[in-house]
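Engineer: starting from these lines, generate the structure:
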Amino acid sequence: MAAPLGLHLEFGGGAELLFDGVKNHHVVLPGQSDPWNMKQLLAWIRGNMLKERPELFMQGDTVRPGILVLINDADWELMVNWNTIFRTRITLSFISTLHGG
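Structural biologist: Down below sits the predicted model:
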């Protein structure tokens, strides 16, 4: 069984408004039989942290277009596998590039 995983989550560019206006969160994900991956993490965030308007943050089982995701300051789309398995403490940043008008 994988050990619990500590993460630092950052929300910016307006995305923090969907999380009670809090930009920085330190969370501990429970241990599970397989290591955590991004799809599971996003489902956990939606179920445990997202306070309002999930359609502004997620589309299906991923973030909606217009949300920039950084894993330790690197664009997750540049990683070899977007479904990266997390084994160590990391920082994930979710930055909205969407602007209302």
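Engineer: pLDDT (mean, whole number) over the helix or strand hosting residue 93?
Structural biologist: Per DSSP states H and E, residue 93 falls inside strand 90-96. Mean pLDDT, taken over the full extent of strand 90-96, equals 92.
Engineer: for stretch 65-73, same thing?
Structural biologist: Stretch 65-73 comes out with an average pLDDT of 91.
Engineer: can you check stretch 18-38 too?
Structural biologist: For stretch 18-38, the per-residue pLDDT averages 90.
Engineer: endpoints of it, how far apart?
Structural biologist: Start-to-end span of stretch 18-38 (Cα to Cα, to the nearest Å) is 19 Å.
Engineer: which strands or helices does the strand holding residue 93 pack on?
Structural biologist: Counting by 3 or more Cβ pairs under 8 Å, 6 or more residues apart in numbering; DSSP states H and E, the packing neighbours recorded for strand 90-96 are strand 5-12, strand 67-71. Yep, even glycine has a C-beta here, placed from its N, CA and C like the rest.
Engineer: what does the last one rub up against?
Structural biologist: Applying Cβ atoms under 8 Å, 6 or more residues apart in numbering, the contact partners of strand 67-71 are 13, 15, 57, 63, 75-77, 79, 84, 90-98.
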